[in-house]
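**Student:** sequence? don't have it. structure:
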């Protein structure tokens with residue numbers, strides 16, 4: 001995506017026509033040349049199409065491998081999604097962290113800065129969520145879980161998509177995107193449960209690795225979701241109150257309220273998911289403990 005646009009990976013730290021735009025409707029930074037929303041959408045289509053094709057090219061062989069190597073598995077779409085995500089989640093995490101670090105320095109860069117990393121993260125994330133809605137419809141999961149995930153994806157698509165089209169708030173998108181750290185360990189949990197080798201699940205073959213991964217999932221969830229989303233809301237409030245003229249007054253009503261609302265939803269949803277994750281960790285720890293010896297009378 002970055003190469004297609006011919007942009008720079010350097011962060012935008014100063015206000016200039018090609019870096020930071022006072023008006024969110026003025027255009028898009030990082031090589032867009034001041035394009036409007038319609039022009040930026042037209043530019044995004046081929047970029048997003050390439051990313052979609054790349055993800056399909058990864059998922060297709062994973063689905064075929066699931067059916068060929070684990071023919072008795074009861075949910076090939078979930079297994080294929082788990083295998084494909086081994087590559088995708090680290091990619092998202094890397095660009096989210098890079099974008100956050102590049103744009104964190106000052107108010108201008110946090111609100112109107114764009115880097116290649118921030119743009120790549122959002123394009124990959126939006127296309128991933130869009131494609132994954134279709135995958136969710138094919139998976140053998142509960143209706144409640146499917147509805148929650150579809151709502152999560154829909155909110156994420158509209159929030160990240162808005163940042164892409166308006167060319168603002170890329171830092172905030174990447175900061176929230178740092179939560180992808182947790183998905184690496186969560187995906188490993190599914191991998192250990194879904195993949196079998198010679199009739200044994202990976203969690204049975206590698207119980208200690210499974211336990212360590214569960215512990216890392218719990219810690220990462222606490223840091224990169226519960227704490228991260230809380231920090232996001234605090235930082236957003238801090239910037240909009242301490243530098244109102246440079247932030248609040250230069251963005252649209254949509255951006256003012258929607259992005260924070262989505263983050264609140266993510267925080268609540270993460271708190272809900274943290275409960276079963278904690279229960280799962282406790283269960284894994286208890287099962288890993290050696291059995292108690294019966295006391296002799």
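**Tutor:** Noted; the coordinates are in hand. No experiment lies behind these values; they were computed from the predicted model shown.

**Student:** When you work out contacts or count neighbours from here on, use the C-alpha atoms and nothing else.
**Tutor:** Noted.

**Student:** Touching, residue 58 and residue 84? I think so.
**Tutor:** Yes. Between residue 58 and residue 84 there is a contact under Cα atoms under 8 Å: 6.3 Å.

**Student:** more neighbours, these two?
**Tutor:** Between residue 58 and residue 84, counted using other Cα atoms under 10 Å, the more crowded position is residue 84 (21 against 18).

**Student:** So the more buried one sits against residue 62, correct?
**Tutor:** Yes. Proximity of residue 84 to residue 62 meets the contact threshold set by Cα under 8 Å, at 6.3 Å.

**Student:** can you pull the contacts of residue 284?
**Tutor:** Contacts for residue 284 (Cα atoms under 8 Å, 6 or more residues apart in numbering) come out as 211, 214.

**Student:** cutoff 7 Å now
**Tutor:** Counting by Cα atoms under 7 Å, 6 or more residues apart in numbering, residue 284 touches residue 211.

**Student:** what helix or strand does it sit in?
**Tutor:** Taking DSSP states H and E as the definition, residue 284 sits inside helix 253-288.

**Student:** can you count the residues close to residue 169?
**Tutor:** Neighbours of residue 169 under the rule other Cα under 10 Å: 28.

**Student:** next one: residue 54
**Tutor:** 12.

**Student:** From the chain's centroid, how far away is whichever strand or helix holds it?
**Tutor:** Using DSSP H and E, residue 54 sits in helix 37-69. Chain-centre distance of helix 37-69: 16 Å, with Cα atoms, centre = their mean, to the nearest Å.

**Student:** tell me what it is packed against?
**Tutor:** Packing partners of helix 37-69 (3 or more Cα pairs under 7 Å, 6 or more residues apart in numbering; DSSP states H and E): helix 76-103, helix 116-138, helix 143-166.

**Student:** Any buried residues in it, and which?
**Tutor:** Within helix 37-69, the residues that count as buried by 16 or more other Cα atoms under 10 Å are 37, 40, 43-44, 47-48, 51-52, 55, 58-59, 62-63, 65-67.
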